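My questions concern the predicted model and sequence given below.
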Amino acid sequence: MLKKTLPNTPLTENHTWKSLRTHHQEIAETTIENHFENEPNRLDYTSFEWDSFYVDVSKNRIDKKGFNLLFELAKESGLTEAIKSQFSGAEINATEDRAVLHTALRTLKEDPVIVDGKDILPEVDAAQKKMFAFCDNVISGNWKGYTGKPITHVVNIGIGGSDLGPAMVVEALAHYQNHLQIRFISNVEGDHHVEVLKGLNPETTLFVVVSKTFTTQETLSNANSVRKWFLTHAPEQGVGKHFIAVSTNLEKTKAFGIDPENIFPMNEWVGGRFSLWSTVGLSICLALGPDQFKELLNGAGKMDHHFKETPFKKNIPVVLALLSIWYNNLYGAESEAIIPYTQYLKNLPAYLQQGIMESNGKYVGRDGKPVNYQTGTIIWGASGTNAQHAFFQLIHQGTKLIPADFIGFKKSLNGNTDHQNKLLANFIAQTEALMTGKNEAQVKAELAHSNLTESQQKALTPFKIFEGNKPTNTILIEQLNPESLGALIALYEHKIFVQGVLWNIYSYDQWGVELGKQLANKVLDDIEGKRENPHDPSTLKLLSKI
Ligand code: F6P
């Protein structure tokens, strides 16, 4: 019997659902531009100023009544109580019998957070202090390698949440980085670690093995191979100066040969894909230093506060989550694009893919029965303006509805007004173009000025029409820095949670990745000739080709 720590009503069984569906049918044909005409003060309730953020959700196919019904639905779904349960340490990850408390790692207040009858904040503080002291030591050069040289390079070995978050943040905040060069090994493919190790000096390289469970095939294989590589250059006693680990599994970490002093603990109540705030973020802390890492935590903590304390109507993660449900469950939109207008955030979509799709890609509801509606959205994207020259054609003129988040920064990090103005012009123009499109009359007027004959103009006209009415959210932030990035990531984390609550699914487990892992072990036995397992004809043929 699972603990009942969250409400348990399937989305479509809420009373408000019916009203929402009816209202959707009423306005389904109303365009975004119509909504602007009908609601002269539309921006008053669809734009939000928060900290250094300006969020505009006005360019969506929904009106005030629709928004109000969504807020009503959220209330009826028990979202208020669910938020309280999460922050207070209730075991809302019921299928794994765990609390979900990545928010405790960045709490702004000193109020205790109780898990199993114990305040966890002193433990959080101790783990952070150990990490900060270690990072200070390495950055200052006090920590020496086995030949007495300071560390110049750090290699993070991990996968999934033990890789994507640290890799994304290190790249995103490259502008704030110190002299340490950070690299990442994740894929079990041997060629990956060989490429990453190229040019590294074992005397000055620190390896951070990150695995919450310390059982992950990819990470352990990579850590073993890297240690072999290290030992071809260095003596066994050198390992202690060059290998550290982050894990909840202290036994397995020790068994791997990591000096207990060099083990940085993390907690069960931090999910892998929400763990960059914990010691899993050690590579981030090495790259930026503890002060900037604290800024990252601070930004997330501020967003937590906003999420916890703000009424739904002005609560940015809640509003974005509800809009996503509106498109996913009423318009049948299957995917959402995330377009950050900065190269620094080019890995944000990949990071959010794990966060969003591993969390909400579930077909069984909290009542243990299959849901009869769509859940988890498919997330994809790339940085603007590169994305404009790659897949924007399909968003503008394709047959699919793809709501998109546009994320931009008012100020660049290195000046250069000319480039920044062009970047922001594209950032703003795209959402306008997606909404307004270009109608037949406009196309005809444009073509009338060309050198084409009348019949050529006529033939070309349909291809140049943009239907418009494509929904977007704009998240405009003052500048990219550790604090604003922390807040941005936390915003999406809370959006995930809200959607999971309304979809009535468990967002914090990930049973769906287990089957593949189990079968990979079996298939490995086949490949290594240890056993011949029964397989389907396709799999057997594939095995014969290897
Ligand atoms: O892909 C499944 C998963 O369990 C993720 O949730 C997790 O982030 C990743 O594997 C890595 O797990 P670990 O940190 O335990 O090595």
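Yep, that arrived.

Now for the closest residue to residue 83 other than its chain neighbours, how many residues are close by?
Leaving aside its sequence neighbours, residue 83 sits nearest to residue 308 (CB to CB, 6 or more residues apart in numbering; 6.1 Å). To be clear about C-beta, it is placed using only N, CA and C from the backbone, and glycine gets the same treatment. For residue 308, the neighbour count with other CB atoms under 10 Å is 14.

Validate this expectation: residue 308 resides in a helix.
Yes. Residue 308: assigned to a helix according to DSSP: H, G, I helix; E, B strand; the rest coil.

any idea how far it is from the ligand?
Separation of residue 308 from the ligand (CB to the nearest ligand atom, to the nearest Å): 25 Å.

in the stretch 351-500 of the chain, which ranges drop under the pLDDT threshold?
Judged by pLDDT under 70, the stretch 351-500 of the chain has no weakly predicted residues.

how about the helices of it, start to end?
Along the stretch 351-500 of the chain, counting by DSSP state H, counting those that start in this stretch, helices occupy 359-360, 392-397, 417-436, 440-448, 454-460, 482-503.

Which residue would be the closest one in the stretch 251-400 of the chain to the ligand?
Closest residue of the stretch 251-400 of the chain to the ligand, CB to the nearest ligand atom: residue 272 (2.7 Å).

For the stretch 301-450 of the chain, what lies in contact range of the ligand?
Within reach of the ligand by CB under 6 Å from any ligand atom, the stretch 301-450 of the chain has these residues: residue 358.

Residue 535 and the ligand, how far apart?
According to CB to the nearest ligand atom, residue 535 and the ligand sit 23 Å apart.

Quick check: that residue touching residue 544?
No. Between residue 535 and residue 544 there is no contact under CB atoms under 8 Å: 10.5 Å.

Looking at the two, which is more packed in?
Taking neighbours as other CB under 10 Å, residue 535 and residue 544 compare with residue 535 leading, 15 against 7.

Next one: the residue nearest to residue 83, what pLDDT does it get?
For residue 308, the pLDDT comes out at 97.

My understanding was that it contacts residue 87; is that so?
Yes. Contact criterion CB under 8 Å: residue 308 and residue 87 qualify, at 5.9 Å.

on that earlier part again, double-check the residue of the stretch 251-400 of the chain closest to the ligand against residue 216; I have them as touching.
No. Between residue 272 and residue 216 there is no contact under CB under 8 Å: 9.4 Å.

so what's in contact with these two at the same time?
Contact criterion CB atoms under 8 Å, 6 or more residues apart in numbering; residues shared by residue 272 and residue 216: 160, 162.

So between those two, which is more surrounded?
Taking neighbours as other CB under 10 Å, residue 272 and residue 216 compare with residue 272 leading, 25 against 20.

Show the contacting residues for residue 295.
Residue 295 neighbours (CB under 8 Å, 6+ apart): 481-483, 486.

and these, which are buried?
In those, burial by neighbour count holds for 481-483, 486, counting by 16 or more other CB atoms under 10 Å.

What is the nearest of those residues to residue 106?
For the buried ones among the contacts of residue 295, the closest approach to residue 106 (CB to CB) belongs to residue 486, at 7.3 Å.

Identify the residue nearest the closest one in space, chain neighbours excluded?
Among residues not flanking residue 486 along the chain, residue 299 sits closest, at 2.9 Å (CB to CB, 6+ apart).

so that neighbour touches residue 491, yeah?
No. Assessed by CB under 8 Å, residue 299 is found out of contact with residue 491, at 9.9 Å.

distance between the ends of stretch 169-181?
End-to-end span of stretch 169-181 (CA to CA, to the nearest Å): 14 Å.

so how far is residue 387 from residue 393?
11 Å (CB to CB, to the nearest Å).

Tell me which of the two has more neighbours.
Legend: neighbour count by other CB under 10 Å for residue 393 and residue 387, higher for residue 387 (22 against 10).

Was I right to think the more buried one contacts residue 381?
Yes. With contacts counted by CB under 8 Å, residue 387 reaches residue 381, the gap being 6.7 Å.

Count residues in the vicinity of whichever residue of the stretch 1-150 of the chain sits closest to the ligand, would you?
Residue of the stretch 1-150 of the chain nearest the ligand, by CB to the nearest ligand atom: residue 96 (10.9 Å). Residue 96: 15 surrounding residues under other CB under 10 Å.

Need the phi and psi values for it.
Note on residue 96: backbone dihedrals following degrees, to the nearest 10 are phi -120, psi 0.

How about it: what's its closest non-neighbour residue?
Leaving aside its sequence neighbours, residue 96 sits nearest to residue 509 (CB to CB, 6+ apart; 5.2 Å).
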